[in-house]
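> Mind folding the following:
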Amino acid sequence: MMKTKSLQAPDARRRSLLASGVASAASGLVSLSASAQPTAAPPATAGELPPVALKVNGRTHALRLDTRTTLLDALREHLQLTGSKKGCDHGQCGACTVLVNGRRINSCLSLAAMHDGDEITTIEGLGTPDKLHPMQAAFVKHDGFQCGYCTPGQICSAVGTLQEIKAGIPSHVSIDVTAIQKATPEEIRERMSGNLCRCGAYANMLEAIQEVAGGKA
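Below you'll find the model as predicted:
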């Protein structure tokens, strides 16, 4: 029995020392890791939302919006500019089309926070009932709408389409991408294909756009 005790005691002491050493090392690593972490920023004030300055139709609006707010919802729900319509809310129908810095976008797919300081034009900013934009007047003349739900997006997209053609930006159907682009029926149909009309007034819209472009209506 004495021999057995003399063999076990050193092992027990060794295990105790190893356990103590591991614990001390782990404690040191935790302390080192904690000291290496950057100082956390103070939490935001409860209920405070980040500021966003939206310049819409020539007027700047200072808003505080949830960062998840889409441009479409900011226009409709916060600025009461309800001309831009929420159709599919997936960027597939084009009813929400607006112009941002002269380029057309689907406002339902873009966050308002991304457009701080940008020039945004909605259907309300293109013209007024007593002073219509040429595209608006052409849509009325050629009966380019029926129910009217998609019309604001159609008109904004049509204005953007002609600006793209004027800038020489080619489309999928452009034969020569280096040539001067023209507002042919094929080009207009292709470029307007992202704007859907449940009433099927496409032929009348084409005539309206061609008239504004200076082509034969």
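
> Spit out the contact partners of the residue sitting nearest the centre point of the chain.
Centroid check for the chain by CA atoms, centre = their mean gives S110 as the closest residue, at 1.0 Å. With contact set as CB atoms under 8 Å, 6 or more residues apart in numbering, S110 has these partners: 70-72, 100. C-beta here means a position set from N, CA and C on the backbone, and glycine is covered the same way.

> Show the backbone phi and psi for it.
Main-chain torsions, S110, degrees, to the nearest 10: phi -120, psi 140.

> Same check on the one 4 residues further on?
For M114, the backbone dihedrals are phi -80, psi -10 (criterion: degrees, to the nearest 10).

> please renumber so the chain begins at 743
Okay, using 743 as the starting number, the last item reads as M856.

> and the nearest residue to it once chain neighbours are set aside, how many residues sit next to it?
The shortest distance from M856 to any non-neighbouring residue, by CB to CB, 6 or more residues apart in numbering, is to L813 (7.7 Å). L813: 28 surrounding residues under other CB atoms under 10 Å.

> Give me the residue ranges of this structure where confidence is low.
743-789, 957-959 (pLDDT under 70).

> repeat that for 50
In the predicted model of the chain, residues 743-750, 759-760, 764-786, 959 satisfy pLDDT under 50.

> Would you state the helices of it in chain order?
744-778, 813-815, 865-868, 876-883, 893-908, 927-933, 944-955 (DSSP state H).

> buried sites along the last one?
Pointing back at helix 944-955 there. Applying a neighbour-count criterion of 16 or more other CB atoms under 10 Å, one finds 944, 946-955 buried in helix 944-955.

> So what's the gap between that helix and the chain middle?
28 Å (CA atoms, centre = their mean, to the nearest Å).

> Check which helices and strands it is in contact with.
Using 3 or more CB pairs under 8 Å, 6 or more residues apart in numbering; DSSP states H and E, the elements in contact with helix 944-955 are helix 876-883, helix 893-908, helix 927-933.

> and it with helix 893-908, angle?
50 degrees (axes from the mean of the first three to the mean of the last three CA atoms, to 10 degrees).

> what sits up against helix 944-955?
So helix 944-955 is contacted by 876-877, 880-881, 883-887, 896, 900, 903-904, 907, 925, 927, 930-931, 934, 939, 958-959 (CB under 8 Å, 6+ apart).
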